[in-house]
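>>> Take this sequence and fold it.
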Amino acid sequence: MPPPMKVLVYRHSVVTRVTHWINAMALILLLMSGLQIFNAHPALYWGQTSTFADPWVSMTAIDRGERMIGVTKVGALTLETTGLFGFSDGEKRGFPSWSTAPGYRDLAAGRRWHFFFAWLLVLNGLVYLSANSLNGHIRRDLLPTRDQLAPRHLLREILDHARLRFAKGEEARRYNVLQKLAYGGMVLIVLPLMVLTGLTMSPAVDAGQPWLPAVFGGRQSARTIHFICAGLIVAFALVHVAMVLLSGVWNNLRSMITGRYAIDVEGDPR
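Got it, this is the predicted structure:
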């Protein structure tokens, strides 16, 4: 048989590509400005109020002899995290300066950056959802089919990804079920939850919608859920980038820049 031939197929629309890159930029700056805000009080609580003596998570610095060390507490677990969490750049701070926007301490600037990119993310998300609902992309490409959700199929996909066996040929034209579930979870669950918990932390929104904090068990619980969702987005991004690197950097980048994705086709592609 002749060797497989490379064929370029149209995989991503202009709307998908543009909103993807805007999302990437907005999420990076949202994360960095969010860490700037978190550094103003690097601790998390459950409930309506801050129980300073009993945080769920805290990042602080303590004296140890002639030097300061960073200490991170998660429940009953205590870790020394000097240089990363609690104490870095010669000062007491939750996250290091290279991870925050701006890098210097400025809560007001961090909030302005955070609110700007939060609304950019929301508007960009509305454009994505509206356009791709109208053109059928969400229904056609992102919703898992019943066959894909079968336990046997899910297990096979998980094992294939664990062994770095990626789809070839015609199967590569479409998203696999793990991609669909991950993208759907982000778009339909995690990001909306981020927006709602973010609004819950706003005193102005609380005044107008006093029921909202109760939905999450209090403002401090909403802040904790917001932080957890941010961690889930970071985990998603790391896995996403890893899959891009492992399955073909140039092919994946080309598809998200030009829309064209190369697949292997047996015999005559016509």
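>>> and residue 105, how many neighbours does it have?
Using other CB atoms under 10 Å, residue 105 is surrounded by 14 other residues. All C-beta atoms are positioned from the backbone trio N, CA, C, and that covers glycine.
>>> which residues does the spatially most central residue of the chain contact?
The chain has residue 233 as the residue nearest its centroid, 1.8 Å off, counting by CA atoms, centre = their mean. Residue 233 makes contact with 27, 31, 186, 190-191, 194, according to CB atoms under 8 Å, 6 or more residues apart in numbering.
>>> Who wins on neighbours among the residues you listed?
Result: residue 194 is most packed of those (other CB under 10 Å), 25 neighbours.
>>> That residue contacts residue 231, correct?
No - judged on CB atoms under 8 Å, residue 194 makes no contact with residue 231 at a distance of 11.0 Å.
>>> pretty sure residue 59 is in a strand, no?
Yes - assigned with DSSP: H, G, I helix; E, B strand; the rest coil, residue 59 falls within a strand.
>>> Just say helix, strand or coil for residue 149.
With three-state DSSP as the criterion, residue 149 reads coil.
>>> What ranges does the stretch 151-270 of the chain have for its strands?
Taking DSSP state E, counting those that start in this stretch as the test, the strands found in the stretch 151-270 of the chain are 260-265.
>>> As PDB, could you dump the C-alpha coordinates of stretch 79-87?
Extracted C-alpha coordinates of stretch 79-87, given in PDB (Å, rounded to 0.1, in the frame of the first residue of the first chain):
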ATOM      1  CA  LEU A  79       4.900  23.200  54.300                       C
ATOM      2  CA  GLU A  80       8.000  25.400  54.100                       C
ATOM      3  CA  THR A  81       7.700  27.300  50.800                       C
ATOM      4  CA  THR A  82      10.400  30.000  51.000                       C
ATOM      5  CA  GLY A  83      11.000  31.600  47.600                       C
ATOM      6  CA  LEU A  84       7.600  30.500  46.200                       C
ATOM      7  CA  PHE A  85       4.800  31.100  48.700                       C
ATOM      8  CA  GLY A  86       4.800  33.200  51.900                       C
ATOM      9  CA  PHE A  87       8.200  34.800  51.500                       C
END
